[in-house]
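> task: produce atomic coordinates for the following.
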Amino acid sequence: MSKRVYFDNAATTCLDPEVLDAMMPYLTSCYGNPSSIYSYGRESRLAIENARKSVARILNAHPAEIFFTSGGTESSNTAINASVRDLGCKHIITSSIEHHATLHTVEYLHNQGEVALSNVKLLPNGHVDMEDLERLLAESKEKCLVTLMHANNEIGNMLDIYAVGNLCKKHGAIFHSDTVQTVGHFPFDLRNTPVHFITGAGHKFHGPKGVGILYINENVKITPFVHGGSQERNMRAGTENLYGIVGFAKALELATANHEKDRTYINDLKLYMMQQLQKNINGVTFNGDPTGRSSYTVLSASFPKTEKSEMILFNMDINNICASGGSACTSGADAGSHVIRAINNNPNQVTVRFSFSKYNTIDEIDEVVAKLKDMI
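Below is the predicted model of the structure:
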């Protein structure tokens, strides 16, 4: 059995050994409840608040703006619901290629009759049509929430978060960006970014699963979203995920310290894979804007559909290659990808998303391309 090649890092990443080391004491000896008043509980509370300060420092936010959650889905749900419930947004502007954590939330609110819903137009390369966004904002009679992701999880396209934020500012709109694919991969300067809410998930950058953040700009006041206790400054009741929070902060610290080196290395892998696929497989095309404004971790490739290539994901799995068809968050029965349908609705192509991390190698790419040649 050959060694497994893992090219699905946009779905989840392996835990960095240093992150596990940082978490270990809180999984073993330091297990006091952070809400207890004795010293044993206070050391847990201190660990959480130190993690919060570390995350805030790295993202250039105030610690009071960082809330720990169970991950990106909870964070986005919270921001979107609060915008409607607490901030008076009656019109949501989003796009058809958002993550389901956003799409299903806004569709639910729309179906409940709570908001009007508009999808901004997309350019052929998958980027948001900024002129259309400005038109939607200018024409809206109601207060708007704009929710657009920073980097698309399937095709890697990146939003100009400053340009969108400034448009929102000009039109008095609330701006939420799903930054799950970029926190831990790109530098943030939240004090100088016109955004009200951003999100993060530890498992996208070699941290643990089940922990994330929601950044809530200090100028925004929302009401608690889980009731029952005073945790997370009265915003999210429930005993904190202590070791998860410690792990999140450590993973973010490591990702930031090694950012330049890792980014260059991973981007070279992505470009090398593009070249090798073009060289070895006739008719391969790439979705989105892979060499332009794009995440360095994600490559979405479409292959001509044949009897052989239709089974490509299945065959890759048999060959110990982990990659996804579009997005892993709709795995199981492959329902196809709403993102690929929106930008490249070509029934004669089969799409595979490859996503890379610092642990991948050139040799793995060579091995995968050689096997893909046989499969296609």
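
> could you look up the SS state of the closest residue to residue 288 other than its chain neighbours?
The shortest distance from residue 288 to any non-neighbouring residue, by Cβ to Cβ, 6 or more residues apart in numbering, is to residue 155 (3.3 Å). All C-beta spots, glycine's among them, are computed from the backbone N, C-alpha and C. Here residue 155 is recorded as coil under DSSP: H, G, I helix; E, B strand; the rest coil.

> let me see the ranges of the strands in this structure.
5-6, 66-69, 91-94, 116-119, 144-147, 174-177, 197-201, 212-216, 285-286, 298-304, 321-322, 349-355 (DSSP state E).

> may I see these arranged in JSON lines, with distance to residue 252 and mean neighbour count as well?
Listed next are the strands of the chain as JSON lines, based on distance: least, Cβ to Cβ, whole Å; neighbours: other Cβ atoms under 10 Å:
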{"stretch": "strand 5-6", "distance to residue 252": "21", "mean neighbour count": "20"}
{"stretch": "strand 66-69", "distance to residue 252": "11", "mean neighbour count": "23"}
{"stretch": "strand 91-94", "distance to residue 252": "27", "mean neighbour count": "24"}
{"stretch": "strand 116-119", "distance to residue 252": "32", "mean neighbour count": "17"}
{"stretch": "strand 144-147", "distance to residue 252": "23", "mean neighbour count": "26"}
{"stretch": "strand 174-177", "distance to residue 252": "17", "mean neighbour count": "26"}
{"stretch": "strand 197-201", "distance to residue 252": "8", "mean neighbour count": "29"}
{"stretch": "strand 212-216", "distance to residue 252": "9", "mean neighbour count": "27"}
{"stretch": "strand 285-286", "distance to residue 252": "30", "mean neighbour count": "17"}
{"stretch": "strand 298-304", "distance to residue 252": "20", "mean neighbour count": "23"}
{"stretch": "strand 321-322", "distance to residue 252": "24", "mean neighbour count": "20"}
{"stretch": "strand 349-355", "distance to residue 252": "19", "mean neighbour count": "24"}
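
> adding distance to residue 28 and mean pLDDT, write these out as a markdown table.
Converted to a markdown table, those look like this (distance: least, Cβ to Cβ, whole Å; pLDDT from 0 to 100):
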| stretch | distance to residue 28 | mean pLDDT |
| --- | --- | --- |
| strand 5-6 | 28 | 98 |
| strand 66-69 | 21 | 98 |
| strand 91-94 | 44 | 98 |
| strand 116-119 | 48 | 98 |
| strand 144-147 | 40 | 98 |
| strand 174-177 | 37 | 98 |
| strand 197-201 | 25 | 98 |
| strand 212-216 | 24 | 98 |
| strand 285-286 | 46 | 96 |
| strand 298-304 | 36 | 96 |
| strand 321-322 | 31 | 96 |
| strand 349-355 | 33 | 95 |
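
> sweet, I'm off.
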